[in-house]
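Next one to model:
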Amino acid sequence: MTKKLNLGVIGIDHGHIFDMLDEMLKEGCSCNYFWTEGNPLTLKEFEKKYPNIERKENKEEILNDSSIDMILISSVPVDRATHSINALKAGKDVMVDKPGCTNLNQLNNLKKTVKETGKIWSINFSERFHVAAVAKAEELVSEGKIGKVKQTIGTGPHRQGNYERPNWFYDRKSYGGIITDIGSHQIHQFLVFTNSDEAKINHALIENMTKKEMPGFQDFGEVNLTGNGGHGYVRLDWFTPDALPTWGDGRLLILGDKGFIEIRKYTDLAKSEKGNHLFLANNDQVKYIDCSNIKLPYFSNLINDVSNRTETACSQELTYLSMELAIKAQEQAEKK
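Model (predicted):
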């Protein structure tokens, strides 16, 4: 039996908290309280959008509330592991924004805490879980539409823009580095589509091309990986031009031995400013699929997992490995 969860929010420093919370509310969950440190740039919008969610003066009030089942966390990245561990120890399951942690020591402590508490620590990899075209691609791959997947090519472009940014955005220790932060999305998808449960990092690189005056900022990164199920290439950047109608033309190419799938996640320059475009080519057909009305399965699956202590939204080991590889690739790139 699946119950509708009562949620608490700790940390709203990143705007991803809006999509995380909205999707859970759509599934029938409730949320009465939030806590965040200081006055992040998201605060005014959060309070306007959710006027009935009360801000608590200290996070312990939320952690000690026995009526709360799950904590949603989108604090400054470096603080997410500590908030997650505290929530897990308080008997709460956790959905945390990516990156769920920023170094291997944090990850090891999280593994230990999950084992001790038996609670779920789920990272909201939004470029998979919030993109309907990716969900459709998973379905097509599982049906064998492109044969065995041999390689993924994932791009994670972002726009710097002229927006006001918090100081942590430019501080390497705070956000974890471009591969840990953004690259964890693409590394996660590489593992999913190649069905790899182990992988090695062949090459990793980071650069700061545009903001030399901010040495902690990284605006370009790339990673090449080989897994026990296939290969992966990841490219990340903060170079999205101002004229593009969205923050980034994120794409995913999934190459199989009998065809390929291309996903244009957020826009299609040739067709539409909207997202969720999927192109399938195999030995039988070449087909375009508009995925905009396809249901996102992650959120309902996660609610089911919390209620029934199952593991359908995303396995805990896959979550760990996605972050481990991202952090190790970041470290490898920074040694050069």
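
can we go C-alpha only for contacts and neighbour counts from here?
OK.

Who are the packing partners of the host helix or strand of residue 333?
Using DSSP states H and E, residue 333 maps to helix 316-334. Packing partners of helix 316-334 (3 or more CA pairs under 8 Å, 6 or more residues apart in numbering; DSSP states H and E): helix 104-117, strand 121-124, helix 184-194, strand 199-207.

now for the ones you listed, which one comes closest to residue 56?
Closest approach to residue 56 among the helices and strands packed on helix 316-334 is made by strand 121-124 (23.0 Å; CA to CA).

Mind giving me the packing neighbours of that closest one?
By 3+ CA pairs under 8 Å, 6+ apart, strand 121-124 packs against strand 93-97, helix 316-334.

TSV for the ones you listed, including mean pLDDT?
Below are those laid out as TSV (pLDDT from 0 to 100):
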stretch	mean pLDDT
strand 93-97	98
helix 316-334	98
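
Residue 325 contacts residue 190, doesn't it?
No. Residue 325 is not in contact with residue 190 according to CA atoms under 8 Å; the separation is 11.0 Å.

of those two, who's got more company?
residue 190 (30 against 23; other CA atoms under 10 Å).

Please name the residues that touch the more buried one.
Residue 190 makes contacts with 151-154, 196, 231-232, as judged by CA atoms under 8 Å, 6 or more residues apart in numbering.

again, 7 Å this time
Residue 190 is in contact with 152, 232, counting by CA atoms under 7 Å, 6 or more residues apart in numbering.

now the strands for this protein?
6-10, 30-35, 54-55, 70-73, 93-97, 121-124, 149-157, 199-207, 220-227, 231-237, 251-256, 259-264, 277-282, 286-290 (DSSP state E).

And the residue nearest to the spatial centre of the chain, how close does it get to residue 180?
For the chain, the residue sitting closest to the mean C-alpha position, by CA atoms, centre = their mean, is residue 125 at 2.0 Å. Residue 125 sits 12 Å away from residue 180, going by CA to CA, to the nearest Å.

Equivalent analysis for residue 21, please.
23 Å.

With residue 126 instead?
Residue 126 is 14 Å from residue 180, by CA to CA.

One more: residue 91?
Residue 91 is 27 Å from residue 180, by CA to CA.

More neighbours: the two, which one.
A side-by-side neighbour count of residue 91 and residue 180, using other CA under 10 Å, places residue 180 first with 28 against 19.

I'd assumed residue 328 was in contact with the more buried one.
No. Contact criterion CA atoms under 7 Å: residue 180 and residue 328 do not qualify, at 8.4 Å.

in the stretch 1-150 of the chain, which segments are predicted with low confidence?
1 (pLDDT under 70).

Now stretch 304-311: buried residues?
For stretch 304-311, burial by neighbour count (16 or more other CA atoms under 10 Å) applies to 304-306.

Name the nearest of those relative to residue 33.
Looking across the buried residues of stretch 304-311 and measuring by CA to CA, the closest to residue 33 is residue 306, at 19.5 Å.

mind checking pLDDT for the closest one?
Predicted confidence (pLDDT) for residue 306: 98.

Could you report the separation of it from residue 70?
On the measure of CA to CA, residue 306 and residue 70 end up 8 Å apart.

Ok, residue 35 next?
Residue 35 is 14 Å from residue 70, by CA to CA.

ok, these two, which is more surrounded?
Comparing residue 35 with residue 70 by other CA under 10 Å, the one with more neighbours is residue 70, at 25 against 22.

returning to what we had before: quick one: which of the helices and strands packed on strand 121-124 is nearest residue 64?
strand 93-97 (13.2 Å).

Run me through the strand neighbours of that closest one, direction for each.
Looking at strand 93-97 with DSSP bridges, its partner strands are strand 70-73 (parallel), strand 121-124 (parallel).

Please list all residues in contact with residue 191.
For residue 191, counting by CA under 7 Å, 6+ apart, the contacting residues are residue 197.

and the gap between it and residue 318?
From residue 191 over to residue 318 (counting by CA to CA), the distance is 8 Å.

ok, residue 134 touching residue 128?
Yes. Assessed by CA under 7 Å, residue 134 is found in contact with residue 128 at 5.8 Å.
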